[in-house]
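1. what's the 3D shape of this:
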Amino acid sequence: MGEQQQVRFPQEIIDEYAALGVDLPAMFSAGHLGTRMGVEIIEAAPDRVVGTMPVEGNTQPYGLLHGGASAVLAETLGSVGSMLHGGSSKVAVGVDLNCTHHRGVRSGLVTGVATPVHRGRSTATYEIVITDEQDRRVCTARLTCLLRDLPAGEAPAKD
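-> Residues are numbered from 1 along each chain as shown. Alright, predicted model coming up:
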């Protein structure tokens, strides 16, 4: 998969988390599962999160991109957007994910783009569109996250 790309964040978000001593790229990464699947987050802001994932290594027995792999990419991107929307005083917890799979993909890289449908005080909902290298829609997903307050005095995770 090569080296992890540097995620692009808006400056105000970098400043907010830097003041808390938080490593944003580590905090808003794809996590252990995403890393194992080759998910890379390219761009991250409350209004748009972009990431990629290779098809190779993420297929089902028929050789097509596994629907669960699309769900992992979608939940990762929507969760990052929800966390960024909630800010440093909130934690996003996924409560609903649905995915509609439109076409099979056998090779290459898929790209997911998460955009907000609703951004409130206690919930955030993102639509995630996953496309293949020919820009054909592979999957449409929707993720809703509950935004929970961090306990008083507790900073976001630093790793």
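
2. quick one, strands of this structure?
-> Using DSSP state E, the strands found in the chain span residues 40-45, 48-54, 90-101, 109-119, 123-131, 137-149.

3. buried residues in the second one?
-> Buried residues in strand 48-54, counted by 16 or more other C-beta atoms under 10 Å: 49-54. C-beta: built from backbone N, CA, C; applies to glycine.

4. Same question for the fourth one.
-> Applying a neighbour-count criterion of 16+ other C-beta under 10 Å, the buried positions in strand 109-119 are 110-114, 116, 119.

5. quick one: least confident helix or strand in the chain?
-> helix 24-27 (a mean of 69; mean pLDDT, DSSP states H and E).

6. So which of the strands of the chain is nearest V22?
-> With C-beta to C-beta, the closest approach to V22 among the strands of the chain belongs to strand 90-101: 12.7 Å.

7. What helices and strands are in contact with the closest one?
-> Packed against strand 90-101 by the contact rule (3 or more C-beta pairs under 8 Å, 6 or more residues apart in numbering; DSSP states H and E) you find helix 67-86, strand 137-149.

8. Switch the ones you listed over to TSV; also include mean pLDDT.
-> As requested, the helices and strands packed on strand 90-101 are exported to TSV (pLDDT from 0 to 100):
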stretch	mean pLDDT
helix 67-86	96
strand 137-149	97
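
9. And the furthest pair within the buried residues of strand 109-119?
-> V110 and R119 (25.1 Å).

10. wait, what's in contact with the residue nearest the centre of the chain?
-> In the chain, the centroid-proximal residue (C-alpha atoms, centre = their mean) is L77; its distance is 1.4 Å. Shown in contact with L77 (C-beta atoms under 8 Å, 6 or more residues apart in numbering): 41, 49-51, 112-114, 126, 128.

11. mind redoing it with 10 Å?
-> Shown in contact with L77 (C-beta atoms under 10 Å, 6 or more residues apart in numbering): 30, 34, 39, 41-44, 48-51, 53, 111-115, 126, 128-130, 141, 143.

12. Repeat that for L147.
-> 82-83, 85-87, 89-93, 119-124.

13. remind me which residues of the protein are low pLDDT?
-> For the chain, the stretches with pLDDT under 70 are 1-5, 25-30, 153-159.

14. switch the cut-off to 50
-> Low-confidence segments of the chain (pLDDT under 50): 1-4, 159.

15. So E16 sits against G87, correct?
-> Yes: in terms of C-beta atoms under 10 Å, E16 counts as a neighbour of G87; the distance is 6.9 Å.
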